[in-house]
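J.: need coordinates for the below:
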Amino acid sequence: MQKSNYWGIICALIMVALSVNLFAQKPNKTTMNNYPKTWEAINKLEYDGLTKSALEETQKLYTEIQKDAQNPAQTAQLIKALLFINKYQARLEEDGLVKAIYRFQEEAKTAKAPIKPILLSMVAEMYDRYLNQHLYKFQNRTKTEDFNQEDIRTWDISRITEKCFELYHESMTYKTTKTIVLKDFEAILYDSRHVEGLRPTLYDFLVHRALDFFESEKYYLTKPAYKFYLDSKNYFGTAQQFIALKLEAKDSLATEFQALRLYQDALTFHVNDKDARAFIDLELRRLRYVLSKSILNDKNLLYLERLEALHKTYKEQDVAAEIAFQIATYYNNEGNK
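T.: Residues are numbered from 1 along each chain as shown. This next block holds a predicted model:
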């Protein structure tokens, strides 16, 4: 796989793990040990191209961290070490990504929240990336029941996609993620959307990751036996009306159905927030998605009407600027057609 992409995933999740640890505990500065000198030495080995040596030193550090149970930074440092170990092994081993997936799955089996849902979300993305990067091997492979459950290289597109569905959904089942506040989250992510207030909790980070997957236009994803159509104006309703909708699908593999369910859950979490930033960011994303998937002839009008009503409701708040921007973007797009 492309090493830069793999490292990008690792960097983001290392930072999440570190942030979770920092905000979940009140560290004692006199006892916290982040092993700065050891990490500096490991980074130098990597910079010098000595990947095997960097791996060996990281494995030694991992063992050392495991013994340091009184260290408030232990959880985050264990995750960081694990991520670095897998990065180096992926570089050195044949089928490195496959083996990394297996290792992270094993770690996730025994991990506890809030680390476990992070690992689950990460493994889901790794499965998806593996499929994307080896698509040529899977395109003509028919669905079969006699594949090796332990070897994803023998799976078909349907099986890998279902595994992604399963892992992303499981990552959303940990209620404690809604209580972990990541105030400085935007400083450790390179996506401009992660600004103050938009991803206030670990749950928000995880749900937007899941939405990124379910909203993606990937032609190779399993096509459901029964397509889910956004054929009602109710999908353009207020957040409260949308949350109250009873969603039903003949085939749960329909990504539109899965995305709407996530929106319902996330909007329910934020609909009564005093600080409206996360709610409005999510609501605007929901409306854009519904517009892109709706099959109604008047969907543009319904979208614009909802944006204007939303702007009227929040016109005295700072979030009105973002709503106004979306309205302006709509008119600009229409003018360019």
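
J.: going forward, measure contacts and count neighbours with C-alpha atoms only.
T.: Fine.

J.: low-confidence regions, the protein specifically.
T.: In the predicted model, the chain carries pLDDT under 70 at residues 1-31, 75, 143-148, 182-196, 219-222.

J.: please parse it into its domains.
T.: What automatic domain parsing lists as the domains of the chain is 1-140+149-222, 225-337.

J.: how close does the residue nearest the centre of the chain get to residue 81?
T.: Centroid check for the chain by C-alpha atoms, centre = their mean gives residue 209 as the closest residue, at 2.2 Å. Here the criterion is C-alpha to C-alpha, to the nearest Å. By it, residue 209 lies 23 Å from residue 81.

J.: for residue 138, same thing?
T.: Using C-alpha to C-alpha, which is the criterion applied here, residue 138 is 33 Å from residue 81.

J.: so for those two, which sits in the more crowded spot?
T.: Taking residue 138 and residue 81 together and counting by other C-alpha atoms under 10 Å, residue 81 has the greater number of neighbours (22 against 18).

J.: the more buried one against residue 62, yeah?
T.: Yes - contact between residue 81 and residue 62 holds when scored by C-alpha atoms under 8 Å: they sit 5.7 Å apart.

J.: still on that earlier bit, count of residues packed around the closest residue to the residue nearest to the centre of the chain other than its chain neighbours?
T.: When the adjacent residues along the chain are set aside, residue 209 lies closest to residue 121, with 7.7 Å between them (C-alpha to C-alpha, 6 or more residues apart in numbering). The burial count assigned to residue 121 is 23, neighbours taken as other C-alpha under 10 Å.

J.: so residue 121 lies in a strand, does it not?
T.: No - assessed with DSSP: H, G, I helix; E, B strand; the rest coil, residue 121 is helix; it does not lie in a strand.

J.: OK, contacts around it?
T.: Neighbour list for residue 121: 167, 168, 171, 206, 209, 210 [criterion: C-alpha atoms under 8 Å, 6 or more residues apart in numbering].

J.: same check on residue 94?
T.: Going by C-alpha under 8 Å, 6+ apart, residue 94 touches no other residue.

J.: check whether it sits in a helix, strand or coil.
T.: Counting by three-state DSSP, the backbone at residue 94 sits in coil.

J.: from here on, call the first residue 4.
T.: Sounds good: first residue 4 from here, last item residue 97.

J.: distance-wise, check it relative to residue 103.
T.: If you measure residue 97 against residue 103 using C-alpha to C-alpha, the figure is 11 Å.

J.: what does residue 39 give?
T.: Here the criterion is C-alpha to C-alpha. By it, residue 39 lies 25 Å from residue 103.

J.: so between these two, which is more surrounded?
T.: A side-by-side neighbour count of residue 39 and residue 103, using other C-alpha under 10 Å, places residue 103 first with 21 against 9.

J.: starting at the chain centroid, how far to stretch 291-310?
T.: The chain centroid and the centroid of stretch 291-310 are separated by 26 Å under C-alpha atoms, centre = their mean, to the nearest Å.

J.: start to end distance for that stretch?
T.: Length of stretch 291-310, first residue to last, C-alpha to C-alpha: 10 Å.

J.: hmm, who's touching it?
T.: Contacts for stretch 291-310 (C-alpha under 8 Å, 6+ apart): 218, 232-236, 238-241, 259, 290, 326, 329-330, 333.

J.: among the residues you listed, which pair sits farthest apart?
T.: The largest separation in the contacts of stretch 291-310, counting by C-alpha to C-alpha, is between 232 and 326 at 26.4 Å.

J.: look at the two and report which has more neighbours.
T.: residue 326 (23 against 14).

J.: thinking that one is in contact with residue 312, fair?
T.: No - in terms of C-alpha under 8 Å, residue 326 does not count as a neighbour of residue 312; the distance is 9.9 Å.

J.: what ranges does the stretch 204-340 of the chain have for its helices?
T.: Using DSSP state H, counting those that start in this stretch, the helices assigned to the stretch 204-340 of the chain run over residues 205-218, 242-247, 258-273, 280-296, 302-316, 323-338.

J.: any idea which of the ones you listed gets closest to residue 145?
T.: Smallest distance to residue 145 across these (C-alpha to C-alpha): 20.8 Å, for helix 258-273.
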